[in-house]
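>>> Can you look at this prediction? I've put the sequence above it.
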Number of protein chains: 2
Amino acid sequence: MADNATGSDSLLFLTDEQLRKGIEAMFFAYRGFTADPDRILEGMDYGRAHHRAIHFIHRAPGMTVSSLLGILGVTKQSLNRVLRTLFDDGLVEARVGKTDKRERRLHLTDKGAALERALSDAQRARMRAAYRAAGPQAVHGFRTVLEAMMDPEMRRQYQGLREDTP
Amino acid sequence: MADNATGSDSLLFLTDEQLRKGIEAMFFAYRGFTADPDRILEGMDYGRAHHRAIHFIHRAPGMTVSSLLGILGVTKQSLNRVLRTLFDDGLVEARVGKTDKRERRLHLTDKGAALERALSDAQRARMRAAYRAAGPQAVHGFRTVLEAMMDPEMRRQYQGLREDTP
DNA sequence: AAACTACGTCAGCCTTGTTGACATTCTAAA
DNA sequence: TTTAGAATGTCAACAAGGCTGACGTAGTTT
């Protein structure tokens, strides 16, 4: 439990009203969270789904299609539609697995990495501004609560990603 | 700025790596955030869009269509499709404005309030568990960072809603 | 050889967003 | 008192990005 620093561990932070505020904060903040990348993407032929794929391929290069599927939590048909355009446009390339040739190991091309940078620069800029305004203590709390909100399976994905090159 | 409680206001919390963790935390946590209501809704003819409308009508009864439009940030055509089904199914009713008869003041019916309760009970349960696990300090930080992430306009919506009955 | 796995693909459907155009009713201003 | 504008509803068409179901092709494992 927390360290009761205020002296009033009054549980007032668990009232329905406080919870409602938290719920709405998630709703409004998520809009801000996606707004900047969305603005960059619009006009291109891409959307938020492409952003997510690019993000996670960048994060763990060499990731297989099925592990990306697991992280994104969509069907392979849905992901495939996205990946196909990324292949066709030369943003992502798939290399046949070394030990298991059925696997497609996903990597960003230079072009893909450039777009990734543009998107994540925009998203990080907002995040950085928010972090800076809130301070390190708040950031720690922010992360703690978000982690506690995740489904256990997602929490594993969140914590467990590593360089996916065996 | 923050109160530098740790003695090391090292700005290490602003590294790209820390920001990336925050970004992914938002992504995974938002999935958990919507999962429970989505489960309730599926099988009914409703979706997340209906949930949002119901939530905000509950929160500020008597709200006009255009202010709901402003909060949700969608087009009137899109909202109308949702509202129409809610009217037809008797979850929401529209009362003509007293002073301005062009306005439709939105209210939940008993049936609508019942669904709202089911949805928000589920969503609050997860939120409450997360809050309790994280503790009051963390919750405060959570809210602080989320607020700082919002667009200014959305922040006003977040802070400014009041009983919308003039 | 048979079974299973990883991946791709076709086809069709749904929700929820978008634009554009237009109609109605009511308010407010000239 | 017209007239402009605001609040709302609605029709049509389209797009993104989810979904299911079915099927095919490599490659692996048993």
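Sure, I can see it.

>>> By mean pLDDT, which helix or strand of chain A comes out lowest?
Ranking every helix and strand in chain A by mean pLDDT, DSSP states H and E puts helix A:152-160 at the bottom, with a mean of 90.

>>> Could I get the phi/psi values of the residue in chain A positioned nearest to DNA strand D?
Nearest residue of chain A to DNA strand D, counting by Cβ to the nearest atom of the strand: residue A:47, 1.7 Å away. Backbone N, C-alpha and C define where each C-beta goes, glycine included. In terms of degrees, to the nearest 10, the main-chain angles of residue A:47 are phi -140, psi -170.

>>> How about the one 4 residues further on?
Taking degrees, to the nearest 10, you get phi -60, psi -50 for the backbone angles of residue A:51.

>>> Now do the contacts for it.
With contact taken as Cβ atoms under 8 Å, 6 or more residues apart in numbering or on different chains, residue A:51 is in contact with A:37, A:41, A:119.

>>> Can you give me the neighbour number for the closest residue to the last one other than its chain neighbours?
Pointing back at residue A:119 there. Leaving aside its sequence neighbours, residue A:119 sits nearest to residue A:37 (Cβ to Cβ, 6 or more residues apart in numbering or on different chains; 4.6 Å). Applying other Cβ atoms under 10 Å in any protein chain shown, we find 25 residues neighbouring residue A:37.

>>> correct me, but residue A:37 touches residue A:121?
No. Residue A:37 is beyond contact range of residue A:121, at 9.6 Å (criterion: Cβ atoms under 8 Å).

>>> which sections of chain A are below the confidence cut-off?
Low-confidence regions of chain A, defined by pLDDT under 70, span residues A:1-9, A:161-166.

>>> all helices in it, in order from the N-terminus.
For chain A, the helices defined by DSSP state H occupy A:16-41, A:48-59, A:65-72, A:76-88, A:110-134, A:136-149, A:152-160.

>>> quick one: contacts for the residue lying closest to the residue of chain A closest to DNA strand D once chain neighbours are set aside?
Ranked by Cβ to Cβ, 6+ apart and with sequence neighbours excluded, the top spatial neighbour of residue A:47 is residue A:41, at 5.9 Å. Contacts for residue A:41 (Cβ under 8 Å, 6+ apart) come out as A:47, A:48, A:50, A:51, A:119.
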